[in-house]
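J.: pasting the structure only:
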């Protein structure tokens, strides 16, 4: 039995929820789906599906195998279109992981625009600040912000981003405006918890000399939007990426501080597994993001305007 046929039957089984529905979807006999599944499990040496008299459950191994197979079938379908030259439109499913705050505020609008341009594209978004294994979870790419660590992955820079130290006008009226980074050591701070040293803020001065300041942490959270709300409420001073605070700064509810210093500049990257042939839909989406964000992303315009 052809392994590809077995895989297609397994994918149809998972997506339809039962052997009978998978058989109907593929227009074959129920016994054929059952036989293909047994042969696939025998070939792999693992159980993909747990069967009872009434229900069917996908095993953990089955879930992992399904995620990989879904991408495999999408790539195969795209390759067939390219080889036959019968379709110029992008198709298939893009499976993307992104940090929560960036995903909601900036990636989601870009995804919507991309889907309007390519109506046959489907998108699966995983929005979470947890670090995801792309290969293990069958993802096409992930958006990562900061320092890249996975040498096994390929990466392309999408945009630059700077951190901004800021606080609410009310907070500054009560505590005063800091004039040097070291003044921050006397102010209550709101710190992002997914860092190794959340209470140590790094910067470069006008002469590009590096420095750091340890701040008294009043609040720690693993979500930047929660920290922004705390800052707007006047609870402390904040050091967050420009893509998180730009809206609050533009509305005047947060005031940038110490703007002559560079606070932890970093990159936003698209990372993806190493493959001999990157799927066209993945390459097209990454190109689209680079074009959309540009050399100076819109979330950094307020920093440029202040300097101008």
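T.: Perfect, I can see it now. Treat the numbers as computed from the prediction; the structure is a model and nothing was measured.

J.: and residue 197, how many residues sit next to it?
T.: Applying the criterion other CB atoms under 10 Å, we find 10 residues in the vicinity of residue 197. From N, CA and C alone the C-beta is placed, and that goes for glycine too.

J.: ditto for the one 5 residues further on
T.: Using other CB under 10 Å, residue 202 has 16 neighbouring residues.

J.: and it, which of the three is it?
T.: Classification of residue 202 by DSSP: H, G, I helix; E, B strand; the rest coil places it in strand.

J.: tell me the contacts of it?
T.: Under the criterion of CB atoms under 8 Å, 6 or more residues apart in numbering, the contact partners of residue 202 comprise 210, 211, 212, 263, 264.

J.: excluding its backbone neighbours, what's nearest the first one?
T.: Counting by CB to CB, 6 or more residues apart in numbering, the nearest residue to residue 210 once its immediate chain neighbours are dropped is residue 204, at 5.5 Å.

J.: hang on, isn't the one you found packed against residue 260?
T.: No. The pair residue 204 and residue 260 fails to qualify as a contact (CB atoms under 8 Å) at a distance of 10.4 Å.

J.: any idea which element residue 31 lies in?
T.: In this assignment (DSSP states H and E), residue 31 forms part of helix 30-44.

J.: that helix packs against which elements?
T.: Other elements packing on helix 30-44 under the criterion 3 or more CB pairs under 8 Å, 6 or more residues apart in numbering; DSSP states H and E are helix 3-16, helix 19-26.

J.: can you say which of the ones you listed is nearest to residue 182?
T.: When these are ranked by proximity to residue 182, the top entry is helix 3-16, at 57.8 Å, counting by CB to CB.

J.: what comes up buried for the closest one?
T.: By neighbour count, and taking 16 or more other CB atoms under 10 Å as the criterion, the buried residues in helix 3-16 are 6, 7, 8, 9, 10, 11, 12, 13, 14, 16.

J.: centroid-nearest residue for the protein?
T.: Centroid-nearest residue in the chain: residue 98, 1.1 Å away (criterion: CA atoms, centre = their mean).

J.: who are the neighbours in contact with it?
T.: 107, 125, 126, 127, 142, 143 are the contacts of residue 98 under CB under 8 Å, 6+ apart.

J.: out of everything not next to it in sequence, what's closest to the first one?
T.: In space, and not counting its chain neighbours, residue 107 is closest to residue 98: 5.0 Å by CB to CB, 6+ apart.

J.: partner residues bridging the one you found?
T.: According to DSSP bridges, the residues that bridge with residue 98 are residue 127.

J.: for residue 169, which non-adjacent residue is closest in space?
T.: If the residues on either side of it in the chain are set aside, residue 169 comes closest to residue 255, at 6.0 Å by CB to CB, 6+ apart.

J.: whoops, residue 192 was the one
T.: Using CB to CB, 6+ apart, the closest residue to residue 192 is residue 198 (5.7 Å).

J.: can you pull the domain assignment for the chain?
T.: Under the assignment automatic domain parsing, the domains of the chain span 3-73, 84-159+267-297, 161-266.

J.: may I ask which of the contacts of residue 98 has the most neighbours?
T.: When the contacts of residue 98 are compared by neighbour count (other CB under 10 Å), residue 142 ends up highest, at 24 neighbours.

J.: which other helices and strands contact the lengthiest strand in the chain?
T.: With residue count as the measure and DSSP state E as the assignment, the chain has strand 153-167 as its longest strand. Contacts defined by 3+ CB pairs under 8 Å, 6+ apart place strand 153-167 against strand 141-146, strand 237-241, helix 242-251, strand 255-257, strand 262-273, helix 280-293.

J.: swap in 7 Å and give it another go.
T.: Contact partners of strand 153-167 among helices and strands, from 3 or more CB pairs under 7 Å, 6 or more residues apart in numbering; DSSP states H and E: strand 237-241, helix 242-251, strand 255-257, strand 262-273, helix 280-293.

J.: any idea which of these is most buried?
T.: Sort these by mean neighbour count, taking mean count of other CB atoms under 10 Å, and strand 237-241 sits at the top with a mean of 26.

J.: who does it pair up with?
T.: Using DSSP bridges, the strands paired with strand 237-241 are strand 153-167 (antiparallel), strand 189-192 (parallel).
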